[in-house]
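Undergrad: Whatever this is, show me its structure:
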Amino acid sequence: MEVVREEGKTVLDELLAHVSPLGWEHIGLTGDYLWREDLVPLSGTYRELGR
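TA: A predicted model of the protein is given here:
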């Protein structure tokens with residue numbers, strides 16, 4: 001929270017007990033899966049497991 005305070009924003013100490021330092025931008029809360037195009041197999045093709 002020091003970074004937020006350095007930006008001039010007020011953060012109450014009572015609220016800090018409820019804040020996690022972990023980032024979660026990588027977690028999709030909608031349940032959608034986003035795949036890179038180079039990882040999506042062609043229709044009807046499969047790759048071996050473990051590769």
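Undergrad: rest of the way, CA atoms for contacts and neighbours
TA: Noted.
Undergrad: I'd like the distance between the residue nearest the centre of the chain and residue 34.
TA: Within the chain, one residue has its C-alpha closest to the average C-alpha position: by C-alpha atoms, centre = their mean, that is residue 26, at 1.6 Å. From residue 26 across to residue 34, the span is 11 Å (C-alpha to C-alpha, to the nearest Å).
Undergrad: before we move on, what about residue 19?
TA: In terms of C-alpha to C-alpha, residue 19 sits 28 Å off from residue 34.
Undergrad: swap in residue 13?
TA: 37 Å.
Undergrad: thinking again about what came up before, for the residue nearest to the centre of the chain, which residues are in contact?
TA: With contacts taken as C-alpha atoms under 8 Å, 6 or more residues apart in numbering, residue 26 has no neighbouring residues.
Undergrad: What spatial separation is found between it and residue 33?
TA: Residue 26 sits 11 Å away from residue 33 when distances are taken as C-alpha to C-alpha.
Undergrad: Which residues in the helix or strand of the chain with the lowest mean pLDDT does the neighbour count mark as buried?
TA: Across the helices and strands of the chain, the lowest-confidence element by mean pLDDT, DSSP states H and E is helix 2-6, at a mean of 83. Of the residues in helix 2-6, none has enough neighbours to count as buried (16 or more other C-alpha atoms under 10 Å).
Undergrad: Other residues contacting that helix?
TA: Taking C-alpha under 8 Å, 6+ apart as the criterion, the residues outside helix 2-6 that touch it are 10-11.
Undergrad: switch to 7 Å and redo it
TA: residue 11 (C-alpha atoms under 7 Å, 6 or more residues apart in numbering).
Undergrad: which secondary structure elements does the helix or strand following that helix contact?
TA: Counting by DSSP states H and E, the next helix or strand C-terminal to helix 2-6 is helix 13-16. Contact partners of helix 13-16 among helices and strands, from 3 or more C-alpha pairs under 7 Å, 6 or more residues apart in numbering; DSSP states H and E: none.
Undergrad: Just the CA trace of helix 13-16, in CSV.
TA: What follows is helix 13-16 as a C-alpha-only set of coordinates in CSV (Å, rounded to 0.1, in the frame of the first residue of the first chain):
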residue,chain,number,x,y,z
ASP,A,13,-4.9,1.3,8.2
GLU,A,14,-8.1,-0.6,9.2
LEU,A,15,-8.6,-1.6,5.6
LEU,A,16,-5.1,-3.1,5.2
